[in-house]
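J.: I'd like to go over a predicted model; first the sequence, then the structure.
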Amino acid sequence: MSTSELPKTEIGLFVPVEEVFPDTTADEQTLHALLRTLSRDDTLFHAARLNTIVTGPGDFDMQPRQQQALTMMCNSEEIDRINDFARRYRHAGVPMVFFRGQLLELMRQTARWAENLPSDGTTFEAPEFRQRFVKAALIAGGLWAKRVYGNKLTSGPI
């Protein structure tokens, strides 16, 4: 996310998985399939690390926290899609790609569906695993939002 492209408000804009990964279905079946390809302990570690980045101690300015998380987990193409989404909804606030409720949901689902894989400890060195993690996190965020808010977060008619 480029600092100049985002509004200064602290109201967050939840980013749906379809905006970053257009061919991804946002459902539990897809989430579980993704989690089965990720090593459990690595996934839990990175989810906890991201949670610390986006909600941890220090100055609570969402924009630089989201930027740090995105730089750590996303490639430039994914960040460009997030910026495109942010421009379309400029007045809605800072895009929240990662947030506490989503990451807790991801950890809950990971504990249930993932297993430690032989590459545990180095899984996220490979870009394809970080991409799968981001997809899983965005799906988990959508599932969490539906459970907590129902249809109140949609931009269309309720």
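T.: The structure has been received and is ready for your questions.
J.: can you list contacts of the helix or strand hosting Val54?
T.: In the assignment (DSSP states H and E), Val54 maps to helix 40-55. For helix 40-55, contacts defined as CB atoms under 8 Å, 6 or more residues apart in numbering pick out 35, 62, 65-66, 68-69, 72-73, 96, 98-100, 103-104, 106-107, 110-111, 114-117, 120-124, 129, 133, 136-137. Yep, even glycine has a C-beta here, placed from its N, CA and C like the rest.
J.: now the strands: where do they sit in this structure?
T.: 12-14, 94-96 (DSSP state E).
J.: quick one, helices of the chain?
T.: Assigned by DSSP state H, the helices in the chain fall at 17-20, 28-35, 40-55, 62-73, 76-88, 100-113, 127-149.
J.: want to throw those helices into TSV with mean neighbour count?
T.: Shown next, in TSV, are the helices of the chain (neighbours: other CB atoms under 10 Å):
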stretch	mean neighbour count
helix 17-20	20
helix 28-35	17
helix 40-55	19
helix 62-73	18
helix 76-88	15
helix 100-113	19
helix 127-149	20
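J.: could you dump these to JSON lines with mean pLDDT?
T.: Formatted as JSON lines, those follow (pLDDT from 0 to 100):
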{"stretch": "helix 17-20", "mean pLDDT": "96"}
{"stretch": "helix 28-35", "mean pLDDT": "98"}
{"stretch": "helix 40-55", "mean pLDDT": "96"}
{"stretch": "helix 62-73", "mean pLDDT": "94"}
{"stretch": "helix 76-88", "mean pLDDT": "96"}
{"stretch": "helix 100-113", "mean pLDDT": "97"}
{"stretch": "helix 127-149", "mean pLDDT": "95"}
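J.: re the thing from before, point out the most buried one among the strands of the chain.
T.: Among these, ranked by average contacts under mean count of other CB atoms under 10 Å, first place goes to strand 94-96 (a mean of 23).
J.: many thanks, we can stop here.
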